[in-house]
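J.: one predicted model, sequence on top.
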Amino acid sequence: MSIVRNSLAVVAASAVLALTSACGGADKAALCTEVTKAMTDYQGAMASAGTNFDGFNKASADLAAKLKELAGKADGDLQSALTKFGDSFGDLKIDPKDPAVATKVGDFAKKAAEATTALGNACV
């Protein structure tokens, strides 16, 4: 299950990095800063969860809710990117007994990477 945890950590770290370097326009800067904080909080929640996948699932659900809340404050490309990013975390449910969990995490990582790129571009 370390591949699952490592994949989630990479996605979160990539999002923080993309947002830190992309928070540009004054009108978007506050929202992008809130997204960066939410991603940093998610990393902390994942670290606290250890190997507890219920903790991972709760952290992902909480992040999805926060991203959707922030999407409601945005418009245009930023709103769309936040919605997609939130949806990707909302769809993430880790069941270590599921033999396809690595494939599902891989699919999530791809969707999240695409959403991270869109989010970084929208925050410029």
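T.: Yep, it's here.
J.: buried ones in the longest helix along the chain?
T.: Counting by DSSP state H, the longest helix found in the chain is helix 26-49. Judged by neighbour count (16 or more other C-beta atoms under 10 Å), helix 26-49 contains these buried residues: 28, 31-32, 34-36, 38-40, 42-43, 45-46, 49. All C-beta spots, glycine's among them, are computed from the backbone N, C-alpha and C.
J.: same question for stretch 101-113.
T.: Using 16+ other C-beta under 10 Å as the burial criterion, the residues of stretch 101-113 that qualify are 101, 104-105, 108-109, 111-113.
J.: which of those residues sits closest to residue 56?
T.: Taking C-beta to C-beta as the measure, residue 56 sits nearest to residue 105 out of the buried residues of stretch 101-113, at 10.3 Å.
J.: host element of that closest one?
T.: Assessed by DSSP states H and E, residue 105 sits inside helix 101-122.
J.: next, the angle helix 26-49 makes with that helix.
T.: 160 degrees (axes from the mean of the first three to the mean of the last three C-alpha atoms, to 10 degrees).
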